[in-house]
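>>> Sequence and predicted structure are below.
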Amino acid sequence: MFTIRRRRDFLAARSGERVGTTGFLLLKSAGSAGPDHIRAGFTVTRKLGGAVLRNRIRRRLKEAARAVLPTAGEAGFDYVFIARPAALNRKFDDLLDDVKRALLRLSSHPK
C-alpha cells in the first residue's frame with residue numbers, strides 16, 4: 001500500500017465515489033500510480049483536536065487501512081479517509097469492520 005501525499009491527488013479523489021461511516025468518510029477515485037497499486041490518503045482536520053489527538057486518529061486509520069486494503073481494496077484506485085470525531089474512541093475492531101463495509105459498498109465488483 002502506498003500513501004497519497006500530493007494535494008492534487010487528494011483533490012482528484014473528491015470527484016470520485018464516497019461512503020460515510022461512523023468513524024470516517026471514505027473517498028475512492030481512479031489512481032494515478034498505476035493499475036497494480038493501491039494508494040491511501042488520510043485527512044484529519046483541526047476541528048478534531050490538537051496535534052496529539054489528530055496524530056492518534058491518523059495512526060488508527062492508517063493501521064486499519066493497512067490491515068484491510070490489501071485484501072478488500074481494488075488495485076488501481078486511490079482511497080482517501082477523512083476522519084470524523086468517532087474515529088478516536090471507536091473500538092479498533094469496529095473501525096476495521098467500518099473499513100471493510102465501506103470498501104464493499106464502494107466495490108465495483110460486489111461479492
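Done, it's in. Numbers count the residues shown, from 1 in each chain.

>>> So for this structure, which residue is the most central one in space?
Nearest residue to the geometric centre of the chain (CA atoms, centre = their mean): residue 81, 3.0 Å.

>>> Check the secondary structure at it for me.
Following DSSP: H, G, I helix; E, B strand; the rest coil, residue 81 is assigned to strand.

>>> Could you do residue 28 as well?
Residue 28 carries the three-state label strand when classified by three-state DSSP.

>>> Output the longest helix belonging to this structure.
helix 51-72 (DSSP state H).

>>> Pull the residues that contact it.
1, 23-24, 38, 40, 42, 44-46, 48, 79, 81, 83, 87-88, 92, 95-96, 98-100, 103-104, 107 (CB atoms under 8 Å, 6 or more residues apart in numbering). In short, each C-beta sits where N, CA and C put it, glycine included.

>>> Out of those, list just those in helices.
Those of the contacts of helix 51-72 lying in helices (DSSP H): 87, 88, 92, 95, 96, 98, 99, 100, 103, 104.

>>> Specify which member of those is nearest to residue 18.
Of all those, residue 103 has the smallest distance to residue 18: 12.5 Å, by CB to CB.

>>> what number of residues lie near that closest one?
20 (other CB atoms under 10 Å).

>>> what does the model give residue 38 for pLDDT?
On the pLDDT scale, residue 38 is placed at 92.

>>> what sits against it?
Contact analysis of residue 38 by CB under 8 Å, 6+ apart lists 1, 2, 31, 69, 70, 73, 74, 75, 76, 77, 79.
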